[in-house]
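Visitor: For reference, the sequence and a predicted model appear below.
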Amino acid sequence: MDETSEEGPQEVAAALHELVTGMVWQLSSSWQGMSLTTAATLSRLEREGPIRLTVLAAAEGLAQPSMTVLVQRLEAQGLASRVADPQDGRVRLVGITEAGRELLAERRRAGDARVAGLLAALPEQDVRALSEAMHTALPVVRRALREAPQLRTTRGGTAS
């Protein structure tokens, strides 16, 4: 983006999209063979706690049979487990295991280190400018994620 031009919401949105897409591709290499779908599923389980497989599939945009296969793979790797629903003992919920949490933390640290290495090559004023931009952009992104209907789920319930 040209710093001297005035940019409206459309130009800022396009630049944010390019930034996010580039960072996802850049950081996905630190996930060492884990697909973005697998990482997103584990992250959702970590963030939201145990949820029904049907809700998990809908939230991640997968068909239920595909999510079943993914969850079975995560269970076999010790990264997820099925637990009883405290409100209905007949229902099983999918939850993340401690090993799953540790793997996510490890992969995030690797990604953070990679980005920190890129930032270390920048002049100090650029790092400060990026910091200020993140303080502005993160609340907007977080609000967009909260408000996106396809991303919201209720624990153990249906997608809302």
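Guide: Thanks, I have the structure now.

Visitor: CA only for contacts and neighbour counts going forward, please
Guide: Noted.

Visitor: So, low pLDDT: which residues of the chain?
Guide: Residues of the chain that meet the criterion pLDDT under 70 lie in 1-5, 29-30, 148-160.

Visitor: got the residue ranges for the strands in it?
Guide: Secondary structure of the chain (DSSP state E): strands at 80-85, 88-96.

Visitor: Partner strands of the shortest one, with direction?
Guide: As defined by DSSP bridges, the strand partners of strand 80-85 come to strand 88-96 (antiparallel).

Visitor: what separates the partner strand from the chain centre, distance-wise?
Guide: Strand 88-96 has its average C-alpha position 22 Å from the chain's average C-alpha position, going by Cα atoms, centre = their mean, to the nearest Å.

Visitor: What residues of it count as buried?
Guide: By 16 or more other Cα atoms under 10 Å, the buried positions in strand 88-96 come out as Arg92, Leu93, Val94, Gly95, Ile96.

Visitor: what's the answer for stretch 138-147, then?
Guide: Using 16+ other Cα under 10 Å as the burial criterion, none of the residues of stretch 138-147 qualify.

Visitor: okay, it in CSV with CA atoms only?
Guide: Extracted in CSV, the C-alpha atoms of stretch 138-147 (Å, rounded to 0.1, in the frame of the first residue of the first chain):
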residue,chain,number,x,y,z
LEU,A,138,-7.3,-7.2,16.7
PRO,A,139,-10.5,-5.9,18.3
VAL,A,140,-12.1,-5.6,14.8
VAL,A,141,-11.1,-9.1,13.9
ARG,A,142,-12.2,-10.5,17.2
ARG,A,143,-15.6,-8.8,16.9
ALA,A,144,-16.0,-10.1,13.3
LEU,A,145,-15.2,-13.7,14.5
ARG,A,146,-17.8,-13.4,17.3
GLU,A,147,-20.4,-12.0,15.0
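
Visitor: how far does it sit from the chain's center?
Guide: Centroid displacement of stretch 138-147 relative to its chain, using Cα atoms, centre = their mean, is 13 Å.

Visitor: partner residues bridging the residue lying closest to Glu46 once chain neighbours are set aside?
Guide: By the measure of Cα to Cα, 6 or more residues apart in numbering, the closest residue to Glu46 outside its immediate chain neighbours is Ile96, 6.0 Å from it. The bridge-partner assignment for Ile96, based on DSSP bridges, gives Ala80.
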